[in-house]
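[1] Attaching a predicted model along with its sequence, questions to come.
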Amino acid sequence: MTTAGLSPQLRDCLTAIRDHMAANGGASPTYRDIAAALGMASPSHAYVRVRELDERGYLTRKPGRKCSIALVDQNALDLPHKLRRRLDRYCRAHGECAADVLTDAVSAFLDGADSDPGCRAEAASVGRERAL
């Protein structure tokens, strides 16, 4: 996931979070840590930026829990923003890993496609169209 669409403030916030996690063995920073790294007067300013990064899919957090910021895997599938948000909400609510949910969903879809000859033909034609 590229950070090209982020404002400089959000990009700096994401960098501060990454740097803190790298320097602290993956431990999540507090809002106070983020505010200090960015020279902010108040942790509430850091909270606003973290919330926006969460809404945009760059990280996840568990509201009401301390140090619960987790970076979204940059090597994960590049899902559309709305779908990524739905997947993240589902995973938080059910305590599941996004990779496991995606694996199960694709497996179920392909199992259904294998049993439906029309679906196989349609999938093959879509594959040919994308190759062109």
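    Okay, I see it.
[2] can you tell me which residues contact the nearest residue to C67 once chain neighbours are set aside?
    Excluding its sequence neighbours, the residue lying closest to C67 (C-beta to C-beta, 6 or more residues apart in numbering) is S28, at 4.1 Å. All C-beta atoms are positioned from the backbone trio N, CA, C, and that covers glycine. Counting by C-beta atoms under 8 Å, 6 or more residues apart in numbering, S28 touches 17, 20-21, 67-70.
[3] Kindly report the same for S42.
    Residues in contact with S42 (C-beta under 8 Å, 6+ apart) are A35.
[4] I'd like to know how far R61 sits from P29.
    When C-beta to C-beta, to the nearest Å is the yardstick, R61 and P29 sit 11 Å from each other.
[5] Compare these two and say which is more crowded by neighbours.
    For the pair R61 and P29, the greater number of neighbours falls to P29 (22 against 18), based on other C-beta atoms under 10 Å.
[6] which stretch of helix or strand covers that one?
    Element membership for P29 (DSSP states H and E) is empty, with no helix or strand holding it.
[7] likewise V101?
    When elements are assigned from DSSP H and E, V101 belongs to helix 98-115.
[8] what's the spacing between that helix and its chain's center?
    20 Å (C-alpha atoms, centre = their mean, to the nearest Å).
[9] now for it, which elements pack on it?
    Under the contact criterion of 3 or more C-beta pairs under 8 Å, 6 or more residues apart in numbering; DSSP states H and E, the helices and strands touching helix 98-115 comprise helix 81-94, helix 117-131.
[10] Among those helices, which one carries the weakest average confidence?
    The minimum mean pLDDT among the helices and strands packed on helix 98-115 belongs to helix 117-131 (a mean of 54).
[11] List the contacts of the nearest residue to R49 once chain neighbours are set aside.
    With C-beta to C-beta, 6+ apart as the measure, C13 is the residue that lies nearest to R49, at 4.2 Å, once sequence neighbours are left out. The neighbourhood of C13, defined by C-beta under 8 Å, 6+ apart, consists of 34, 38, 46, 49-50, 53.
[12] Now do the buried residues in the one helix or strand C13 maps to.
    Assigned by DSSP H and E, C13 belongs to helix 8-23. For helix 8-23, the neighbour count (16 or more other C-beta atoms under 10 Å) marks 10, 12-14, 16-17, 20-21 as buried.
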